[in-house]
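[1] coords please:
(2 chains)
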2 protein chains.
Amino acid sequence: MEVLDVIRNRRSIRAFKKRSVEEEKLNRILEAARLAPSARNMQEWKFVVVRDRVLRERLADAANKQHFVAHAPVIIAACGTIVDRVMGCGQLSYPIDVAIAVTHMTLQAVAEGLGTCWICAFDEGKVKSLLGVPEGVRVVALLLVGYPDESPPPRPRRELAEIVSYEKFA
Amino acid sequence: MEVLDVIRNRRSIRAFKKRSVEEEKLNRILEAARLAPSARNMQEWKFVVVRDRVLRERLADAANKQHFVAHAPVIIAACGTIVDRVMGCGQLSYPIDVAIAVTHMTLQAVAEGLGTCWICAFDEGKVKSLLGVPEGVRVVALLLVGYPDESPPPRPRRELAEIVSYEKFA
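    Just a heads-up that it's a prediction; the model follows:
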């Protein structure tokens, strides 16, 4: 499938089949993250793959009790490991770099016939404690991965003319 | 080309051919950004497309005088327009959401036979002034887009075992 079709077909999936994700598919998804670019190629990231059912239920509790979180057969906690580096433009590098890697995973998942959902509404302290994430490391997102059990329509998007301007901000 | 091949083939390109980017290719790249997911579907982004030669030279000056910046026929300034929203996990949403959209563009560019380079080393004040970016809007990255005039080898990446752990951070 062409990239733009993958992008067009991606949805945030919140209902998953009771079917586990094949090891080789999961590995290609992680490989997509591994190959992501990062500031100065720091690769300041770590991905904790959670498949244990009890742990997934606890993560769902930590994610504002969003129950569907536990229904994903795989939850990947995407962490930033160097959290104090500020780039010339004034932005911290790790949220951007981790977001690039997670985005790669979301697209490769679609190519594998899988669905994903970014979860950023969670109590970071609880998630860190559940996963044994050390101080000085930040959990940026939980990515749910599994076979979709829903096919939601595309969400509305602003028109290009509204989000693009030429030569000047307008 | 399959997504994973696109991801494998993507490089940061710093040398560009003197060839302009076709309108329809540029529009598909911007479309890839438009379709990106964002927190609560806020789409808190704006993309300023710069093709004017003089303006590109000034942007290169603002980007720590990295001269190759001006050689890209297209520079897309990716801006965050709602810059104070913090997600439950404690992260600002806009750097992550803009990073997702820019990542979509980097991959669609490869699919179009184009190369890109993320530039995050720049004086944001100077860039904002050059592009007329209002207060309260942040410029997260400059994305260079053009036909590659180099084919750099892949940069080294950590092994999967180094960046992935199971059930616990390790």
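[2] only C-alpha atoms for contact and neighbour calcs from this point on.
    Noted.
[3] Can you show me the strands along chain A?
    According to DSSP state E, chain A carries its strands in the segments A:45-50, A:74-80, A:115-119, A:138-146, A:164-166.
[4] where's the residue nearest to A:Ala39 when sequence neighbours are not counted relative to A:Val6, distance?
    Distances taken as CA to CA, 6 or more residues apart in numbering or on different chains place A:Ser93 nearest to A:Ala39, at 6.5 Å, with adjacent residues excluded. Here the criterion is CA to CA, to the nearest Å. By it, A:Ser93 lies 27 Å from A:Val6.
[5] Equivalent analysis for A:Glu112, please.
    Distance of A:Glu112 to A:Val6, given as CA to CA: 10 Å.
[6] In CSV: the strands of chain A, plus distance to B:Ala101, mean neighbour count and mean pLDDT.
    Formatted as CSV, the entries for the strands of chain A read as follows, by distance: least, CA to CA, whole Å; neighbours: other CA atoms under 10 Å in any protein chain shown; pLDDT from 0 to 100:
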stretch, distance to B:Ala101, mean neighbour count, mean pLDDT
strand A:45-50, 19, 25, 99
strand A:74-80, 18, 26, 99
strand A:115-119, 14, 24, 98
strand A:138-146, 16, 27, 98
strand A:164-166, 12, 17, 98
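[7] need these in JSON lines with distance to chain B, can you?
    Supplementary listing: the strands of chain A in JSON lines, determined by distance: least, CA to the nearest CA, whole Å:
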{"stretch": "strand A:45-50", "distance to chain B": "5"}
{"stretch": "strand A:74-80", "distance to chain B": "9"}
{"stretch": "strand A:115-119", "distance to chain B": "9"}
{"stretch": "strand A:138-146", "distance to chain B": "7"}
{"stretch": "strand A:164-166", "distance to chain B": "5"}
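[8] and A:Pro154, which of those is closest to it?
    A:Pro154 lies closest to strand A:115-119 among the strands of chain A, at 13.6 Å (CA to CA).
[9] who has more neighbours, A:Ser93 and A:Val6?
    When A:Ser93 and A:Val6 are compared for neighbours, A:Ser93 comes out ahead with 24 against 19, by other CA atoms under 10 Å in any protein chain shown.
[10] all helices for chain A, in order.
    For chain A, the helices defined by DSSP state H occupy A:3-9, A:23-34, A:53-62, A:68-71, A:93-111, A:124-131, A:160-163.
[11] Return the most buried member of the ones you listed.
    Across the helices of chain A, averaging neighbours per residue (mean count of other CA atoms under 10 Å in any protein chain shown) puts helix A:93-111 on top, at a mean of 26.
[12] And that one, what does it pack against?
    Helix A:93-111 makes packing contacts with helix A:3-9, helix A:23-34, strand A:45-50, strand A:74-80, strand A:115-119, strand A:138-146, helix B:3-9, helix B:93-111 when contacts are defined by 3 or more CA pairs under 8 Å, 6 or more residues apart in numbering or on different chains; DSSP states H and E.
[13] As JSON lines, the ones you listed with distance to B:Val21 would be great.
    Formatted as JSON lines, the entries for those read as follows, by distance: least, CA to CA, whole Å:
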{"stretch": "helix A:3-9", "distance to B:Val21": "18"}
{"stretch": "helix A:23-34", "distance to B:Val21": "27"}
{"stretch": "strand A:45-50", "distance to B:Val21": "33"}
{"stretch": "strand A:74-80", "distance to B:Val21": "35"}
{"stretch": "strand A:115-119", "distance to B:Val21": "33"}
{"stretch": "strand A:138-146", "distance to B:Val21": "35"}
{"stretch": "helix B:3-9", "distance to B:Val21": "19"}
{"stretch": "helix B:93-111", "distance to B:Val21": "10"}
